[in-house]
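Q: give me coordinates for this.
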Amino acid sequence: MPAVSKGDGMRGLAVFISDIRNCKSKEAEIKRINKELANIRSKFKGDKALDGYSKKKYVCKLLFIFLLGHDIDFGHMEAVNLLSSNKYTEKQIGYLFISVLVNSNSELIRLINNAIKNDLSSRNPTFMCLALHCIANVGSREMAEAFAGEIPRILVAGDTMDSVKQSAALCLLRLYKTSPDLVLMGEWTSRVVHLLNDQHMGVVTAAISLITCLSQKNPDEFKTCVSLAVSRLSRIVSSASTDLQDYTYYFVPAPWLSCKLLRLLQCYPPPEDGAVKGRLVECLETILNKAQEPPKSKKVQHSNAKNAILFEAISLIIHYDSEPNLLVRACNQLGQFLQHRETNLRYLALESMCTLASSEFSHEAVKTHIETVINALKTERDVSVRQRAADLLYAMCDRSNAKQIVAEMLSYLETADYSIREEMVLKVAILAEKYAVDYSWYVDTILNLIRIAGDYVSEEVWYRVIQIVINRDDVQGYAAKTVFEALQAPACHENMVKVGGYILGEFGNLIAGDPRSSPLVQFNLLHSKFHLCSVPTRALLLSAYIKFINLFPETKSTIQEVLRSDSQIRNSDVELQQRAVEYLKLSSIASTDVLATVLEEMPPFPERESSILAKLKKKKGPGAVSVNELEEGKREGGELNGGGERGGDSSSTPSPSADLLGLRAGPPVTAAAPSAGSLLVDVFSEAVKQPSPTAFLRLFVCKNNGVLFENQLLQIGIKSEYRQNLGRMYLFYGNKTSVQFVTFTTTVTCPGELQSHILHIHTWNSLEPLIEGGAQVQQVINIECLTDFSDAPLLNIKFRYGGALQNLTLKLPVTINKFFQPTEMASHDFFQRWKQLSLPQQEAQKIFKANHAMDTEVLKAKLLGLGMALLENVDPNPENFVCAGVIQTKAQQVGSLLRLEPNAQAQMYRLTVRSSKDTVSKRLCELLAEQF
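A: I've put the predicted structure just below:
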């Protein structure tokens, strides 16, 4: 209940509460409540007007009854009347009742809004705060519509008291979170940002929560807050605990404000201003220095506040990833926490070091703590800490320590908690493949993995080992020998049988010369496991048996006996029965040559990205993309600049009669064109969504084919290809109606600088002025890039339909990235070139929220579609993506490097582009930021 003065206590309320508490049963409580409700109803309906005290008392009773779980269907008007009282306690109870009981659909909402407006304009700070608290507590869209324009004015007004400013900032934050489209800062932006300079620390603390939220959605509008935040942080960090007495918490000056300031700075890249950046680095160094000082108090509150600031500072250092000295110092500080007696600190240290391990500057420093992390993996009692230790080992792994880390993870896997075994198995499989120099070690590792944790080895893992063994001649014999020995164990996991059946069926001949592993011994060993396996594994073994007949003719009669047995050819499972019958027949009637042809050794698999990494990310990510989305990303990957289009034959132009428009996948044609859908042929393999005339440009940044525009009359498809600084674009105009288009003309123009010296466009063939109903015509446009550009050419289309003139203007999807030439680079060369492009104007960077599910395969497809080379195993963090390419123009070549850093936990990206020309960096950053 609200605090009231001693002389203003409500005795009747206290007696009622006491009666309720003294009730012996639920029935007695309900009886007492019903009696009180009847009394309150009679008082409210009585002829005698109630004074403010009585209204307050009865409204309080109703509120108490509601909080006990009983419905209240009257008293709302009396509560609204309390809002017009000039007594604080009465107004407070009125607002409290409304905040709890009145919903946004209430008929009284207009009266309530009027009362709130009166209090906001009263200039009485106490009443203003009550009104603001009510708005924030209700937080409905109706409240936002009524007051979103008024609250910013109160917040920045010079005569508003500090306590009201705090309430206004937090109220505005609440409305922004519920209805961001209604809270438009506009003219108030700069004045809200300058609240960071307010003398009152409480106002700054409240305002920074609002500014942080606004900055995450609109970083460019609020970027001026960076210098002010650094200035305020500097003053706090350099102050003594006695300077800010009201805001010092256990000898730590303003810890909450410090954490919020550091979090705000994480919304932006490092400051470009050298003075501001120097001051911020100074602050971060001071925070790291203070962490080394002996504690000023032994109480846990002191260490909690101090460590909260330290971890936020380390998060900011990691976010910037540009100060090697700070990164190494942060790593050393976290290393000290790895052996701290406080479990939470050890957990946070391991988590932060996982991120540090991905930085090129601090990776080596993280590796120095490998023994401590391995010890944590073995001895920690808390499973969540052990999981973070495993994550850190995975992150710090490279070629120099891969064997040690994989061995330790395998050792731990034998006793690991069941909740993390599957993830551990995936990580071991990924590391073994990624850092395998000796593939015999890789085979041993995966077979050990199956032996130790076979139940948690997914199909992706054993599929992958099969692919690698088949693709590498030098390891096939060793793999056959090792898997043969592994199958001799009395208890053998089914996944081991699958791997053994496949490898011995393909390469058993490589070890057949040893009497201990003769063909018959191999067959008997595999067949001894047959009855213990599931149907899919038995099917695989039957395929291995027929392979044996081809490899070892001497086993033919033995294997035919097995296939001929009733348990096979009369098997209740149709798949096993069919295989047994077909294999038996094949081995009986086929000649040796035919058998050898049909059962020849598997050809090498095409080199592709490991599916194990995708499975791990899907397991750890906040959400998995749908199969349709993934397939769409893969399809786009085949049509991108780096894909088949670029490498195709330039002479193979599409037929003029071919339809690239995918009409069958589009919306149904209206009654004006009943037969149009059947007149045009669909040659697009993908189902294309139809973009609006103004929304398609970003759709074509990472692909070259698709529908450019469509309405009820006309459909325009595009197919383009680019080589060096030249491009060719095929435009397909489809008449969707049964009526002719007459005087059909198209004009391509280059606005502004494009017209004279940026981009040269030549229309290769002219169009006939008449397009029959249901017909399609083709136009070819040649493009030459003279130097870099940012705008796009315009396509104007005019024709008459049914006597009416149709006029349409579109932007052609010609962007600077279309002229990329992919450039392969080694890790050393990439980072050397990265450091050379270190001038501020050569770099463009954006930090933004993910607009789509963060799926690795889709991200790779889009980056390849940009036209650059996607560089594997270059970035120390395997989750980051780096690309390199050269933009080919007639005037010059512009080298560009790209680094995309996804943060799955925060659902954000940091995109950094460095180019030898500043305009190119900015344009590429703008284009690509819209794709994720």
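
Q: need the contact partners of stretch 75-91.
A: Stretch 75-91 is contacted from outside by 2, 4-5, 8, 40, 44, 50, 52-53, 55-56, 58-59, 62, 93-95, 97-98, 101-102, 106, 108, 111-112, 115-116, 118-119, 126-127, 130, using Cβ atoms under 8 Å, 6 or more residues apart in numbering. Any C-beta I mention is one placed from the backbone N, CA and C, and that applies to glycine too.

Q: again with stretch 424-438
A: Contacts for stretch 424-438 (Cβ under 8 Å, 6+ apart): 390, 394, 397-399, 402, 405-406, 409-410, 412-413, 416, 441-442, 445-446, 449, 453, 456-458, 461, 464, 468, 610, 612-613, 615-616, 619, 873, 878.

Q: how about 6 Å then?
A: 394, 397, 399, 402, 406, 409, 413, 416, 442, 445, 449, 453, 456-457, 461, 612-613, 616 (Cβ atoms under 6 Å, 6 or more residues apart in numbering).

Q: what subset of those residues is buried?
A: 394, 397, 402, 406, 409, 413, 416, 442, 445, 449, 453, 456-457, 461, 612-613, 616 (16 or more other Cβ atoms under 10 Å).

Q: what's the pLDDT at residue 301?
A: Here, the pLDDT recorded for residue 301 equals 89.

Q: so it makes contact with residue 250?
A: Yes - counting by Cβ atoms under 6 Å, residue 250 is a contact partner of residue 301 at 4.6 Å.

Q: among the buried ones among the contacts of stretch 424-438, which are located in strands?
A: Among the buried ones among the contacts of stretch 424-438, none falls in strands (DSSP state E).

Q: thinking again about what came up before, which of the contacts of stretch 75-91 fall within helices?
A: Among the contacts of stretch 75-91, DSSP state H puts 40, 44, 52-53, 55-56, 58-59, 62, 93-95, 97-98, 101, 111-112, 115-116, 118-119, 126-127, 130 in helices.

Q: filter these down to the buried ones, ChimeraX style.
A: Of the ones in helices among the contacts of stretch 75-91, the buried ones can be selected in ChimeraX as follows, counting by 16+ other Cβ under 10 Å:
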select :40,44,52,55,56,58,59,62,93,94,95,97,98,101,111,112,115,116,119,127,130
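
Q: got a list of what residue 174 touches?
A: So residue 174 contacts 136, 139 (Cβ under 6 Å, 6+ apart).

Q: next one: it from residue 134, what distance?
A: Noted for residue 174: a distance of 11 Å to residue 134, by Cβ to Cβ, to the nearest Å.

Q: go on, residue 95?
A: 5 Å.

Q: and residue 454, by the same measure?
A: Distance, residue 454 to residue 134, by Cβ to Cβ: 61 Å.

Q: and these two? which has more neighbours close in?
A: Comparing residue 454 with residue 134 by other Cβ atoms under 10 Å, the one with more neighbours is residue 134, at 23 against 17.

Q: hmm, that one is touching residue 94, no?
A: No - using Cβ under 6 Å, residue 134 is not in contact with residue 94; the gap is 9.0 Å.

Q: and residue 507, that's in a helix?
A: Yes - counting by DSSP: H, G, I helix; E, B strand; the rest coil, one finds residue 507 located in a helix.

Q: phi, psi for residue 160 please.
A: Backbone dihedrals for residue 160, given as degrees, to the nearest 10, come out at phi -80, psi 130.

Q: for the chain, what helix or strand is lowest in average pLDDT?
A: Least confident helix or strand of the chain, by mean pLDDT, DSSP states H and E, is helix 676-679 with a mean of 30.

Q: could you dump the strand or helix carrying residue 135 to PDB, C-alpha only?
A: In the assignment (DSSP states H and E), residue 135 maps to helix 125-138. What follows is helix 125-138 as a C-alpha-only set of coordinates in PDB (Å, rounded to 0.1, in the frame of the first residue of the first chain):
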ATOM      1  CA  PRO A 125       6.500  18.100  -9.800                       C
ATOM      2  CA  THR A 126       4.800  15.600  -7.600                       C
ATOM      3  CA  PHE A 127       1.700  15.500  -9.700                       C
ATOM      4  CA  MET A 128       3.700  15.400 -12.900                       C
ATOM      5  CA  CYS A 129       5.700  12.400 -11.600                       C
ATOM      6  CA  LEU A 130       2.400  10.600 -10.700                       C
ATOM      7  CA  ALA A 131       1.000  11.200 -14.200                       C
ATOM      8  CA  LEU A 132       4.300  10.000 -15.900                       C
ATOM      9  CA  HIS A 133       4.400   6.900 -13.700                       C
ATOM     10  CA  CYS A 134       0.800   6.100 -14.700                       C
ATOM     11  CA  ILE A 135       1.600   6.500 -18.400                       C
ATOM     12  CA  ALA A 136       4.600   4.200 -18.100                       C
ATOM     13  CA  ASN A 137       2.700   1.600 -16.100                       C
ATOM     14  CA  VAL A 138      -0.200   1.400 -18.500                       C
END
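
Q: which element follows that helix toward the C-terminus?
A: Next element after helix 125-138 (DSSP H and E): helix 141-147.

Q: which residues outside that next one are in contact with it?
A: So helix 141-147 is contacted by 104, 113, 135, 175, 179, 182 (Cβ under 6 Å, 6+ apart).

Q: buried residues in it?
A: So for helix 141-147, counting by 16+ other Cβ under 10 Å, buried means 142, 143, 144, 146, 147.

Q: so, low pLDDT: which residues of this protein?
A: Residue ranges of the chain with pLDDT under 70: 1-9, 47, 104-106, 241-243, 607-697, 754-766.

Q: let's see it at 50
A: The chain contains residues with pLDDT under 50 at 1-7, 622-694.

Q: residue 397 reaches residue 403, doesn't it?
A: No - counting by Cβ under 6 Å, residue 397 does not reach residue 403; the two are 9.8 Å apart.

Q: circling back: residue 301 and residue 250: which is more packed in?
A: In this view residue 301 and residue 250 are compared by other Cβ under 10 Å, and residue 250 has more residues nearby, 17 against 13.

Q: out of everything not next to it in sequence, what's closest to residue 113?
A: Spatial nearest neighbour of residue 113, chain neighbours left out: residue 146 (4.9 Å); criterion: Cβ to Cβ, 6 or more residues apart in numbering.

Q: how far away is the one you found from residue 175?
A: For residue 146, the distance to residue 175 - Cβ to Cβ - is 10 Å.
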